[in-house]
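S.K.: Make a model of this:
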Amino acid sequence: MADPICEIFPSDPVCAVAAPVEEAPVAVEDGATDEVEEVEEGAEEGAEEGEEMDAEPEVKMEYGAAAATAVADWTRVFDMANFNMMSPMMSNVTFFGVAASWAAYSALEAFRYRSASTYYDSAKILDTDEYYKLSDTVKFYGGLAIGGILAVTQLLAIFGIAVPLNATVWMYLGGFGGLLI
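M.R.: Take a look at the predicted model:
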């Protein structure tokens, strides 16, 4: 197996392969031909059928680890290349879904699921303590407002309207909205 660097840069001096050394033909006298054939036949008899008598290899190198690393690197590159195939529209739709679901969740929690008058009574320490209710009110109304604005500007950006404004709104309001959670 060849070194991967040599496949990329075959003219590199490290990758140079030594030319095979040709042996000079040996002059054989009459009658000596039979002895050479007998030696060759004897060598073949000791070897099993289909095997060749080779010289001991100089160095056996293990390329398994290098091959596994190369395959892992290629797989990572191939997986990342799949992101290039995604449509920019899908990322815009995903951002819209996040903003709209945040606004819908906040609206449902503020207006529907917390309507019982005794909901916050278990968190009171004193009879006048309303901080848990106040923090939920700020969180849900703020989430409704910020999520609604983000959803509207993202919907405009999906259709190519006010794209720079959408980026600015996501940067400032989206960052500030993280403080409400």
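
S.K.: mind showing which ranges of this structure have poor pLDDT?
M.R.: 1-2, 26-57, 81-86, 115, 128 (pLDDT under 70).

S.K.: mind giving me the domain ranges of it?
M.R.: Under the assignment automatic domain parsing, the domains of the chain span 1-10+60-85, 88-180.

S.K.: For the chain, which segments count as helices?
M.R.: Listed in chain order, the helices of the chain (DSSP state H) span residues 4-8, 32-46, 64-84, 88-111, 131-158, 163-180.

S.K.: tell me the most buried of those?
M.R.: helix 131-158 (a mean of 17; mean count of other CB atoms under 10 Å). Quick note: C-beta positions are derived from backbone N, CA and C, even for glycine.

S.K.: still on that earlier bit, please convert the domains of the chain to JSON lines, extending it with distance to residue 19.
M.R.: Written out in JSON lines, the entries for the domains of the chain read as follows (distance: least, CB to CB, whole Å):
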{"stretch": "domain 1-10+60-85", "distance to residue 19": "15"}
{"stretch": "domain 88-180", "distance to residue 19": "56"}
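
S.K.: ok so, going back, need the helices of the chain in a markdown table with distance to residue 123, can you?
M.R.: A markdown table is the format used below for those (distance: least, CB to CB, whole Å):
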| stretch | distance to residue 123 |
| --- | --- |
| helix 4-8 | 64 |
| helix 32-46 | 92 |
| helix 64-84 | 45 |
| helix 88-111 | 15 |
| helix 131-158 | 4 |
| helix 163-180 | 19 |
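
S.K.: coming back round to it: between the domains of the chain, which one is closest to residue 23.
M.R.: Proximity of those to residue 23 was assessed by CB to CB; the nearest stretch is domain 1-10+60-85, lying at 25.1 Å.

S.K.: roughly how far is that closest one from the heart of the chain?
M.R.: Average the C-alpha atoms of domain 1-10+60-85, do the same for its chain, and the two points are 15 Å apart (CA atoms, centre = their mean, to the nearest Å).

S.K.: And the helices of the chain: which comes nearest residue 120?
M.R.: Scanning the helices of the chain with CB to CB as the criterion, the closest one proves to be helix 131-158, at 4.4 Å.
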